[in-house]
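Q: give me a 3D structure for the following:
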Amino acid sequence: MDRFTAYRLTFSCQAVTPMELPRYKGSALRGAFFEALRRDFCLNKNVGSCLACPTAEVCPICKLVATVDRESPRGDEVPRPFVLEPMTSEAIRYEEGEAFSFGITLFGQALSLFPYTILAVQRMGESGLSKRAVAPGRFQLTEVWASNPLTEAKKRLYEHTNRLVSMPDVSITHQDVLRCAARLSPQQVQLDLLAPLRLVIDGKLVHELSFEALMRRLLRRLTDLDYHFCTEQLDTDFPGLLRDAAQVRVAGDRTQWLDLSSYSRRREARTPIGGLMGRITFEGDLGAFLPFLVWGQFTHVGKDTTRGNGWYQIIDSSS
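A: Take a look at the predicted model:
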């Protein structure tokens with residue numbers, strides 16, 4: 001993963017009108033983000049699917065939120081090159097003037113789509129998030145920051161008073177990840193699941209998390225992102241790693257299943273997006289897995305990562 005790179009962006013905002021959102025806000029953010037991109041940049045709004053669109057290879061929507069790669073060995077649709085970090089506050093109402101922030105992380109070559117990302121967030125603010133007459137949820141984008149939590153490097157990319165935008169040059173690299181992993185315990189790791197973790201193994205939902213199930217999906221995700229957006233084939237012994245992962249035990253499990261669903265206006269149907277939340281501790285021979293676990297904090301893992309799901313943080317026991 002030597003070439004794998006992530007660009008973590010934080011969007012600081014201020015409510016212009018009252019805003020009502022659900023307790024878990026990832027679906028609302030993702031839906032507004034997609035609609036803003038489609039409204040402003042889609043060239044063929046009457047086409048039913050991006051797969052049928054003749055401009056798919058050059059369309060920023062297809063490249064960002066409805067990825068299409070007709071030459072992909074895994075099929076036409078490939079993972080999206082971004083994840084959301086929604087607001088973690090459980091507040092469901094924001095009053096006029098109240099500040100809030102959320103994150104979007106871009107991977108590898110998706111950095112070229114940063115201008116569309118910032119324009120889409122501005123349009124989200126103009127249109128509103130909550131879609132309700134009593135609280136339309138309009139907001140102003142006040143600042144955008146790029147940051148690397150592993151090195152504490154930060155750079156402001158945008159400030160609304162001058163409206164000049166800089167391209168992100170603060171990135172998270174594999175070398176940063178290796179240095180972070182070297183500081184972690186190779187015998188024990190604790191994960192804080194900040195958003196629902198929804199894993200499907202052999203067609204079945206995982207309600208009791210094992211280390212092997214987590215690594216099976218995390219290694220697949222990192223492999224796909226690395227291949228499609230960093231033009232790099234992850235070269236590692238996957239069967240051997242998964243055999244070793246099966247020997248890592250759960251030392252403490254304070255997770256619980258949270259049932260959630262998301263409504264799609266386009267399909268006029270609800271989709272289940274719930275998963276596990278809480279804290280879980282693994283013990284065993286973890287050294288080989290630590291770099292992947294550090295990366296997973298930024299790539300997320302499992303279903304619905306573009307809604308913010310599968311987001312976790314490693315709890316540093318030394319702090």
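
Q: what's the helix or strand encompassing R216 packed up against?
A: In this assignment (DSSP states H and E), R216 forms part of helix 211-230. Applying 3 or more C-beta pairs under 8 Å, 6 or more residues apart in numbering; DSSP states H and E, one finds that helix 211-230 contacts strand 99-107, strand 200-201, helix 238-245, helix 290-299. Every C-beta, even on glycine, is put in place using the N, C-alpha and C of the backbone.

Q: isn't N44 right up against C53?
A: Yes: counting by C-beta atoms under 8 Å, N44 does reach C53; the two are 5.1 Å apart.

Q: between those two, who's got more neighbours?
A: For N44 versus C53, neighbours defined as other C-beta atoms under 10 Å are more numerous around C53 (20 against 14).

Q: contact partners for M19?
A: R93, Y94, E98, G128, L129, S130, A135, P136, G137, R138, F139 (C-beta atoms under 8 Å, 6 or more residues apart in numbering).

Q: hey, what's it bridged with?
A: Residues in a beta bridge with M19, per DSSP bridges, are Y94, P136.

Q: next one: Q256
A: Beta bridges link Q256 to M277, judged by DSSP bridges.

Q: quick one, what contacts it?
A: Applying C-beta under 8 Å, 6+ apart, the residues near Q256 are L276, M277, G278.

Q: tell me the domain boundaries of this structure?
A: 5-173, 175-315 (automatic domain parsing).

Q: any weak-confidence spans in the chain?
A: Filtered on pLDDT under 70, the chain yields the residue ranges 48, 67-77, 131-134, 263-268, 317-319.

Q: which parts of it are helices?
A: Secondary structure of the chain (DSSP state H): helices at 26-41, 60-64, 114-127, 174-182, 211-230, 238-245, 290-299.

Q: which of the contacts of M19 are buried, as a ChimeraX select command?
A: ChimeraX command restricting the contacts of M19 to the buried ones, with burial defined by 16 or more other C-beta atoms under 10 Å:
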select :94,128,129,130,135,136,137,138,139
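
Q: which one of the contacts of M19 is nearest to A32?
A: Distance to A32, by C-beta to C-beta, is smallest for L129 among these, at 5.3 Å.

Q: mind checking how far the closest one is from P18?
A: 11 Å (C-beta to C-beta, to the nearest Å).

Q: one more: K155?
A: Using C-beta to C-beta, K155 is found at 32 Å from P18.

Q: likewise for F229?
A: For F229, the distance to P18 - C-beta to C-beta - is 38 Å.

Q: so between those two, which is more surrounded?
A: Taking other C-beta under 10 Å, F229 and P18 do not tie; F229 has more neighbours (25 against 17).

Q: okay, now the nearest residue to T223 once chain neighbours are set aside: neighbour count?
A: Distances taken as C-beta to C-beta, 6 or more residues apart in numbering put L234 closest to T223, at 4.5 Å, once the chain neighbours are dropped. Other residues near L234 come to 17 when the count uses other C-beta under 10 Å.

Q: phi first, then psi, for L234.
A: phi -70, psi 110 (degrees, to the nearest 10).

Q: and what of E57?
A: Torsion angles, degrees, to the nearest 10, at E57: phi -70, psi -20.

Q: and it, how far is that from H174?
A: 28 Å.

Q: counting neighbours, go ahead and name the busier of these two.
A: A direct count of neighbours by other C-beta under 10 Å for E57 and H174 places H174 higher, at 19 against 11.

Q: which residues does that one contact?
A: Here H174 is in contact with M1, D2, R3, F4, T5, P291 (C-beta under 8 Å, 6+ apart).

Q: how near is the closest residue to the fifth one other than its chain neighbours to A135?
A: When you say that, I think you mean T5. Leaving aside its sequence neighbours, T5 sits nearest to S171 (C-beta to C-beta, 6+ apart; 5.0 Å). Separation of S171 from A135 (C-beta to C-beta): 37 Å.

Q: tell me which residue lies nearest the centroid of this protein.
A: Nearest to the centroid of the C-alpha atoms of the chain, with distances taken as C-alpha atoms, centre = their mean, sits V83, at 2.1 Å.

Q: what bridges to it?
A: T105.

Q: and G97, how many neighbours?
A: 8.

Q: tell me if I'm right that it and T17 touch.
A: No: proximity of G97 to T17 does not meet the contact threshold set by C-beta under 8 Å, at 10.1 Å.

Q: the residue nearest to T223 touches D224, doesn't it?
A: No: the criterion here is C-beta under 8 Å, and L234 misses it with D224 at 9.1 Å.

Q: ok so, going back, winner for burial among the helices and strands packed on helix 211-230?
A: Among those, helix 290-299 has the highest mean neighbour count (mean count of other C-beta atoms under 10 Å), at a mean of 22.

Q: that one packs against which elements?
A: strand 5-15, strand 99-107, helix 174-182, strand 188-197, helix 211-230, strand 312-315.

Q: all set now, cheers.
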